[in-house]
Every structure is written in structure tokens, then in C-alpha cells.
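**Student:** Need a 3D model of the sequence below.
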Amino acid sequence: MTTSPSRDNGSRDHKSRDSTFRDNAFLADFRSMSTIGATAGGGVDRQAGTAADGQTRFWFRGLMEGHGFVIRYDEVGNQFALLELAPGAPYVAIGSHLDSQPLGGRFDGAYGVLAGAHAAIDLMEQAAAGDGEPMFNIAVVNWFNEEGCRFKPSMMGSSVFTGKIPAEQALATSDPHGVTVREALNAIGTRGDFRLDVAAYVEIHIEQGRSLEDAGLSIGLVESTWGRTSTSSWSTGSRGTPVPP
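**Tutor:** The predicted structure is shown next:
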């Protein structure tokens, strides 16, 4: 069986129009999301569990529910947008985080969540059009308190999800003003009891070094990342008597 050039060109043109539409939709959504907690320097201030973080989570919920996804929260506030494409099959998770540093960049974390969301929406539309047979379901994830600026440590939500930190330890953690994670999550209404096992996880993230730029590349696969050990220390004592000059 052969395909006529005119039909083939028409198919390519259709895919090109779909790609342009998806790109424009992503950019419009990203601009809209970036107004939440916007700072004068073009970044965002959406520290974990604050009103701005809660507003972003509510915005993301509205976006995904509008496309037919189901939103769930686990006990430490990790947010899951679920798409069932293959009933009974495992879930593949994709995402990042929507919280930020006090003067964070608007792409850090947020790009990964929204890019994953639009990729999932695209796959949903392909499945609805009969383009392939889905083998997995999809969960778009917004991890709670990845930045760790308000509540220590960083990567809190994902650490609880992977069993590195007990949930109760995370929930009892307090910020410098004495507000606990449990209280903060209850205040913004994004705490639940959902649990999910995933078959795989993928995350797209802005580069935090120069290697891609130096190599003239726009995208690459991460082969390694930096490690960190954090400690807190206190010293007590009294001020000594100054020595006269």
C-alpha cells in the first residue's frame, strides 16, 4: 500500500498545526501560572504551603480537571493529576514542583510540571483519536516542598513518597514562625490520603549548569547530579570584654 504525496503532505501539515496549537497553549498557560506570586524581577515567590503556593495548586487543579484528569493529594500534600488510559495498568509519573524560593525563577520546577501536563494532554488526545494503544496510565505530579526554604529539608514531598522520610516527621516540621507542615497544608486545603505506586518516573527540568550551552545543545539526559549534606549548629556563651587599644 502506498500513500499519495498530497495525502502525506496533508498529514504533515495537520501535525504541524497541532504542534503549533499545543506550543501556543503551553505558553499561554505558563504565562498565566507565572502571574501567581510574581516578583518585580520576573520570577516568583511561592514558598511551600503559603497562600501563593495554594493558589498555584488550585490553578493547576482547574487546568487538569478541565481536561478530564482526576486530582488527588497524599498525606504530605503531593498533588497528583491522574489520567486513566489503560484500566488496570500501572501508572507512569511525570512532573516536578510548583513551589519556589523566596525570589525564585519562574521556570524552576514549574516548567517540569506544566510541560509534563501538556505532554499528558497530548497523549490523551492521541489515544482518543485511536492513535496507538496505551500501555500505561499517567500521573502528573507536583511534589510538595521541593525547595525547602520554608520547611527543612528540601525534597520533602518526594522523600516521603519514596520512603526516605516518615510522613509524621514531615508533618511535624515547623517553619521559623512555628507553623507546622500539617497546619500549612490544612490551611490551603491540599492534604489527603491518596497513595499511588508508579512503574516509572520522568522529570524535565531547566539546566542548572553550563554543559548544554557550552555544547550548543537545547536538551539532554542527566547522567549525574550533585549531592549535599546539610547540618545545623548552635554555639552558646557570653561576649568577652573588649581589649583596650
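
**Student:** use CA for all of it now, contacts and neighbours both
**Tutor:** OK.

**Student:** Residues contacting stretch 108-115 from elsewhere in the structure, which ones?
**Tutor:** By C-alpha atoms under 8 Å, 6 or more residues apart in numbering, the surrounding residues in contact with stretch 108-115 are 26, 30, 94-100, 140-142, 203-206.

**Student:** so for that stretch, what's the average pLDDT?
**Tutor:** Averaged across stretch 108-115, the pLDDT comes to 97.

**Student:** Let the chain start at 564 from now.
**Tutor:** Understood, numbering begins at 564; the last thing we discussed is stretch 671-678.

**Student:** That stretch: how far from the chain's middle?
**Tutor:** 5 Å (C-alpha atoms, centre = their mean, to the nearest Å).

**Student:** Kindly report the same for stretch 637-646.
**Tutor:** 11 Å.

**Student:** buried ones in it?
**Tutor:** Buried residues in stretch 637-646, counted by 16 or more other C-alpha atoms under 10 Å: 637-646.

**Student:** As JSON lines, those with secondary structure, pLDDT and distance to Leu626 would be great.
**Tutor:** Shown next, in JSON lines, are these (DSSP: H, G, I helix; E, B strand; the rest coil; pLDDT from 0 to 100; distance: C-alpha to C-alpha, whole Å):
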{"residue": "Asp637", "secondary structure": "coil", "pLDDT": "98", "distance to Leu626": "19"}
{"residue": "Glu638", "secondary structure": "coil", "pLDDT": "98", "distance to Leu626": "22"}
{"residue": "Val639", "secondary structure": "coil", "pLDDT": "98", "distance to Leu626": "22"}
{"residue": "Gly640", "secondary structure": "coil", "pLDDT": "98", "distance to Leu626": "18"}
{"residue": "Asn641", "secondary structure": "coil", "pLDDT": "98", "distance to Leu626": "17"}
{"residue": "Gln642", "secondary structure": "strand", "pLDDT": "98", "distance to Leu626": "13"}
{"residue": "Phe643", "secondary structure": "strand", "pLDDT": "98", "distance to Leu626": "13"}
{"residue": "Ala644", "secondary structure": "strand", "pLDDT": "98", "distance to Leu626": "10"}
{"residue": "Leu645", "secondary structure": "strand", "pLDDT": "98", "distance to Leu626": "12"}
{"residue": "Leu646", "secondary structure": "strand", "pLDDT": "98", "distance to Leu626": "13"}
